[in-house]
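Q: Show me the folded form of this:
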Amino acid sequence: MNDNVQKSPRRLGRRGGWTPVSVRGNPTRLFFDRFPQAMWIFDRRTLAILSVNQAAVALYGYSREEFLGRTLNDLYTQEERPALLHDLSTLYGEPDGWAPSPRTCRRLRRKDGAILDVEVIWTPFLDRGREEILAVFQDVTQQRRTEERLRFQEAIVSQVHDAIFAVDNRRRIIYWNRAAERQYGLPANEALGHPLTDIVSCRWLLPENESTVIDSLSRAGAWHGHETHRRRDGEPIRVESSVTVLRDDCGDRIGLLAVVRDVTERARAEARLRDSQRQLLEAEKLGHIGAWEWDVATGAQIWSEELYRIFGIEPGRIPATFEGFMSLVEPEDRPAVRATTEKALRDHQPFSREFTIRRPGGVIRTVLACGEVLVDASRRPVRLVGATLDITDRKRAEAERARFLDHERSARGAAEEAAAQLEVLSRRLVELQEAERRNLARELHDEMGQLLTGLRLLLLTDRPGIPERPRDRLAGDTRGKMMSIISELMQRIRTLSMDLRPAMLDDLGLLPALRWHFKRYGDQTGVRVKFAQAGLDGRLEPALEIAAFRIVQEALTNVARHAGVAAASVELRKGDDRLLIRIEDRGPGFDVESALRGPSSGLAGMRERARLMGGSLSIESQTGGSGTRLTAELPLAPASGIMPRK
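A: Here you go, the predicted structure:
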């Protein structure tokens, strides 16, 4: 105990101080035991409990014997024990003695561990010379919980966006939430206690509305409707109000509760919508746009005369309902139209949808439907309003324009591709011509020039001035060498001629020319050709034979240059209308696209030969050792056939 608690009073006084009391007497004891609130008597110095009444036993769950073995500290929670010392210290009043303490609220612990909220009053007194204190504890746990619930409810109501206020029977404001402060521009401390008519200025939409409200409150105890209120700054606002009669536990009327929602913006939106509807009707007459309106509750629809014309039907021919409308929609468009309508009803958002309808007689038209959803105060859709426009001509024009643009793009792309191919082929043609000229010049200079020079030297040995006998011997040797050179020269000329264009191809046809080329190719390159054919026993069109021979010749040249193989296979098969050519090798392969873009590749030339013949050429190859396959298909000329062999 601190010094203040242990301090003895100087004297007894009427205003406070020690009061000589004894609870040992029968009347006082009877009053103490039967008092409805929990009471303790404890020693001021030791805080030991000296006596408890029956209410304390019932409240805290200890028996009298258990109480008498404890101190007041045992009843307080650990957190509340400093407050106990503070409460006892306040019992010191004026210098002439102690005074009863004011009512304080503390937390005590029951025997079962439950925490109680209690209000405590301390009264000091003397009992046969001993300083004792009487403590009266009142359980306010339930009251505290009720107050907490009320505070929680108040916090919830204060966060509601709708203005809520209550008035008593004299129409004085007794409740004013935060939303009301914002909505009317008036804080609660200026509204509470004032007559409602001084705070909220109300203007009824119709004069008879006021009597209707009074009658509804008297008869049903509630009213719901629309009014015009005025804010503190004088600005009018449109509101939607719900008013309920407040009654006490006995059923007597004690006031009114109003929930008021500001619907000014919604009213403005509805006004704008009405203006839009008016403008829509005017536009319908000018633009031949069909208008419609749908009552969601009844399902009935209103169609304008222009809408009937767009649908191609007379009024009354089909029911003006959603299902009647859907019967005109093409079956493939019905799911999308139904989904758009359901989404608009669910989201309350404007919508638009293009779809096709079928008029009586089978005429197909494309239309565009646009609409808007109107909702009631509870945000339930009540009506759909909109318009339908026949856009068939516009869609046809758009489709025609798209087709024209696609054709133009395709033609431009084909022209650009053809120009690029022509440029590549022209460049390739020049390169091939120069290469052929270079080869021809080299052959003429290196091979034939040397032979002609030797022939010239041999002719010079037969000049006059050489003795007769040696001259005769030299003449015989010279003539032999000259004949040998002339023979070799003729062979070189024949080979050069065959490289430029084999005469065998013109004289004997494709099959003998290919066989001669395969043998010569093997002798020159060391690559053996495995050849298979079907249907080539006769002659083909000359242009076809030349194209086929050149494709095979160029393909085998590429095999010898790049494949690095000892053998290649060539297959030619003549069908009813096409000649199939297939050349394969087992080399390392290559990137076809890169090779086609290369400046010196013969692949582009082969592909162009096939294209000029009306055929196609494909190449299958990839790096990694999978080999290469070239396949060409050349159509037989319409007048072609097996020509008799010469």
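Q: from here on, contacts and neighbour counts on C-alpha atoms
A: OK.
Q: what residue ranges in the stretch 351-500 of the chain score low on pLDDT?
A: 423, 425-452, 454-479, 489-500 (pLDDT under 70).
Q: all strands of it, in order?
A: Listed in chain order, the strands of the stretch 351-500 of the chain (DSSP state E, counting those that start in this stretch) span residues 351-358, 364-375, 381-390.
Q: Equivalent analysis for the stretch 201-350 of the chain, please.
A: 201-203, 222-230, 236-247, 253-262, 290-295, 301-303.
Q: Would you reformat the ones you listed as CSV and include mean pLDDT and distance to F42?
A: Below are the strands of the stretch 201-350 of the chain laid out as CSV (pLDDT from 0 to 100; distance: least, Cα to Cα, whole Å):
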stretch, mean pLDDT, distance to F42
strand 201-203, 73, 63
strand 222-230, 87, 58
strand 236-247, 89, 48
strand 253-262, 90, 48
strand 290-295, 86, 81
strand 301-303, 87, 87
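Q: all helices for the stretch 201-350 of the chain, in order.
A: 209-220, 264-287, 305-311, 322-326, 334-347 (DSSP state H, counting those that start in this stretch).
Q: P82 is nearest to which of the ones you listed?
A: Relative to P82, the nearest member of those by Cα to Cα is helix 209-220, separated by 55.9 Å.
Q: Need the mean per-residue confidence for that closest one.
A: The pLDDT scores in helix 209-220 average 83.
Q: If we go by neighbour counts, what in that helix is buried?
A: Using 16 or more other Cα atoms under 10 Å as the test for burial, helix 209-220 gives V213, S216, L217.
Q: Make CSV from those residues and add distance to G526 to it.
A: Shown next, in CSV, are the buried residues of helix 209-220 (distance: Cα to Cα, whole Å):
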residue, distance to G526
V213, 115
S216, 115
L217, 116
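Q: Buried deepest among the strands of the stretch 201-350 of the chain, which one?
A: strand 290-295 (a mean of 21; mean count of other Cα atoms under 10 Å).
Q: got a list of what the residue lying closest to V213 once chain neighbours are set aside touches?
A: Spatial nearest neighbour of V213, chain neighbours left out: W223 (6.2 Å); criterion: Cα to Cα, 6 or more residues apart in numbering. Taking Cα atoms under 8 Å, 6 or more residues apart in numbering, we find W223 in contact with V213, S216, L217, S241, S242, V243, T244.
Q: which among these gets closest to R597?
A: For the contacts of W223, the nearest to R597 is S241 (80.9 Å; Cα to Cα).
Q: what's the nearest residue to the closest one if we skip its chain neighbours?
A: The spatial neighbour of S241 that comes closest, neighbours along the chain excluded (Cα to Cα, 6+ apart), is V260 at 4.4 Å.
Q: What of G627?
A: Among residues not flanking G627 along the chain, R586 sits closest, at 4.1 Å (Cα to Cα, 6+ apart).
Q: That neighbour touches S626, doesn't it?
A: Yes: counting by Cα atoms under 8 Å, S626 is a contact partner of R586 at 6.6 Å.
Q: which of these two has more neighbours?
A: R586 (18 against 15; other Cα atoms under 10 Å).
Q: if we can go back for a sec, for A291, find the nearest of the strands of the stretch 351-500 of the chain.
A: Per Cα to Cα, nearest to A291 of the strands of the stretch 351-500 of the chain: strand 381-390, 4.2 Å.
Q: list the helices and strands that closest one packs on?
A: Contacts defined by 3 or more Cα pairs under 8 Å, 6 or more residues apart in numbering; DSSP states H and E place strand 381-390 against strand 290-295, helix 305-311, strand 364-375.
Q: could those go into TSV alongside distance to D577?
A: Listed next are these as TSV, based on distance: least, Cα to Cα, whole Å:
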stretch	distance to D577
strand 290-295	61
helix 305-311	55
strand 364-375	45
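Q: just to revisit the earlier point, between the strands of the stretch 351-500 of the chain, which one is closest to D295.
A: Nearest of the strands of the stretch 351-500 of the chain (Cα to Cα): strand 381-390, 4.8 Å.
Q: Give me the sheet partners of the closest one and which way each runs.
A: Looking at strand 381-390 with DSSP bridges, its partner strands are strand 290-295 (antiparallel), strand 364-375 (antiparallel).
Q: from the middle of its chain, how far away would stretch 228-235 be?
A: 45 Å (Cα atoms, centre = their mean, to the nearest Å).
Q: what's the answer for stretch 48-58, then?
A: For stretch 48-58, the distance to the chain centre is 71 Å (Cα atoms, centre = their mean).
Q: what does stretch 574-582 give?
A: Relative to its chain's centre, stretch 574-582 lies at 55 Å (Cα atoms, centre = their mean).
Q: One more: stretch 587-603?
A: That offset, for stretch 587-603, works out to 45 Å (Cα atoms, centre = their mean).
Q: Buried residues, it. List them.
A: Neighbour-count burial for stretch 587-603, counted by 16+ other Cα under 10 Å, picks out G587, P588, G589, F590, V592, G602, L603.
Q: as a whole number, average confidence for that stretch?
A: For stretch 587-603, mean pLDDT rounds to 76.
Q: now what about that stretch, what contacts it?
A: Stretch 587-603 is touched from outside by 428, 554, 558, 563-565, 604, 619-628, with contacts defined as Cα under 8 Å, 6+ apart.
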